[in-house]
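**Student:** Return a 3D structure for these sequence lines:
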Amino acid sequence: MACVNWKKVTIQTAGAMKRHLGQYEREHGNHSNEHINKELSHQNYCIGCNDFSDAFNAMKKRVAEVDKMYPPERKRADRKTACFLEIPCPNELRLQGKSDDFFKKSFEIMQNFFGEKNVHGGFVHKDELHEYRDKDGSIKMSMEHMHLLVSAYAEWQQKDKKTGEMVERKGINGKNFETRPRLNKLNDMMQEMCQSEFGVSFNTGEKPQKKSVERLKTESALREKADALRDEVSALTEQVKDLQTQADNMVSAFAPTPTKTEKNIFGKSKEVPKSDAEMELEKQMAAAKIVLSDKASVEQDKAKVDRDQQQTVADKRTLSAREEALHQGQNILGV
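**Tutor:** Now for the predicted structure:
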């Protein structure tokens, strides 16, 4: 990841994140993310709150407070009232033992940028370090990172429906909270802080990521699985070709006995020459038996690989839906 990652969420989705961000749940729960190393989870910690429930309740209170001061025009069921930010620590600072200082400075920047009342807690994760393959094929190391829970409070200008004039608006509004200019400005602030405080770069020059670290790691695993399946299909295809070549050679090389036994009208057996048609038929039948027995086995293996490859494609198509629904239905509002 090259910059701060933003993800707007509903209150329900925010609450369900307790399973991923709660310290107890992190250390003792079962996770779909296979790269979480529970032996390192005790190194995780919170900034600006006691735990996830503390931050979540503060966010709900802030949203209700702002809604009372600045009532929204309408409240949709899927209204985005909060945002999770994911802030990666440059690996140079981790190797220098300065990641904690980085997260502390980053939290201060977030408070200055969004306002202290709107920043409810940071959750530092140090238990997900591993190598993964990026979409360009390069091998990268995942980073220590901090999740941040922020109320989607925004100030913006909007045309008045009655007068047609531009008026100042304030309130909880996901659309105006997350805008390209704000995203760029925040990343510029992070870049300036990293250079002035630590002498390293925060922005790597890569395009901003709209995918979480967990999703990138899942896609990396899927790409590796797909490549392995393609290699296996290719190998099996070559094996089928080799078998066909062997079969053709067998047809040419196979030499059945040139005679056959027949009985005359008196019941006496004698050897008589086979016709050319009979010789050719025996050659083809013998070779076919050999080819079919081996080729059928190879074709079955190839069909299985094809099915696995189709499943990989299906997994990738549902990845976006799985990410949004990852924790729904679990501790939604009772955290």
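
**Student:** Pretty sure residue 152 sits against residue 172.
**Tutor:** Yes. At 5.4 Å, residue 152 counts as touching residue 172 under the criterion of C-beta atoms under 8 Å. (Each C-beta comes from the backbone N, C-alpha and C, glycine too.)

**Student:** Low-confidence stretches in the stretch 1-150 of the chain?
**Tutor:** Filtered on pLDDT under 70, the stretch 1-150 of the chain yields the residue ranges 1-2, 132-136.

**Student:** Spell out which residues are contacts of both of residue 152 and residue 172.
**Tutor:** Common contacts of residue 152 and residue 172 (C-beta atoms under 8 Å, 6 or more residues apart in numbering): residue 81.

**Student:** the strands in the stretch 1-150 of the chain, which residues?
**Tutor:** For the stretch 1-150 of the chain, the strands defined by DSSP state E, counting those that start in this stretch occupy 5-9, 45-47, 82-88, 119-125, 131-133, 139-141, 145-151.

**Student:** Mind putting those into JSON lines with mean neighbour count and distance to residue 186?
**Tutor:** What follows is the strands of the stretch 1-150 of the chain, written out as JSON lines (neighbours: other C-beta atoms under 10 Å; distance: least, C-beta to C-beta, whole Å):
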{"stretch": "strand 5-9", "mean neighbour count": "19", "distance to residue 186": "9"}
{"stretch": "strand 45-47", "mean neighbour count": "17", "distance to residue 186": "17"}
{"stretch": "strand 82-88", "mean neighbour count": "23", "distance to residue 186": "8"}
{"stretch": "strand 119-125", "mean neighbour count": "25", "distance to residue 186": "12"}
{"stretch": "strand 131-133", "mean neighbour count": "16", "distance to residue 186": "25"}
{"stretch": "strand 139-141", "mean neighbour count": "11", "distance to residue 186": "23"}
{"stretch": "strand 145-151", "mean neighbour count": "25", "distance to residue 186": "11"}
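
**Student:** Select, out of these, the one closest to residue 312.
**Tutor:** Closest to residue 312 of those is strand 131-133 (C-beta to C-beta; 14.8 Å).

**Student:** Run through the neighbouring helices and strands of the helix or strand where residue 181 lies.
**Tutor:** Using DSSP states H and E, residue 181 falls within helix 180-198. Contacts defined by 3 or more C-beta pairs under 8 Å, 6 or more residues apart in numbering; DSSP states H and E place helix 180-198 against helix 99-114.

**Student:** can you give me the helices for the stretch 151-300 of the chain?
**Tutor:** Per DSSP state H, counting those that start in this stretch, the stretch 151-300 of the chain carries helices over the ranges 174-177, 180-198, 213-253, 276-317.

**Student:** Go through the second one and flag the buried ones.
**Tutor:** Neighbour counts using 16 or more other C-beta atoms under 10 Å place 186, 187, 189, 190, 193, 194, 198 of helix 180-198 among the buried residues.
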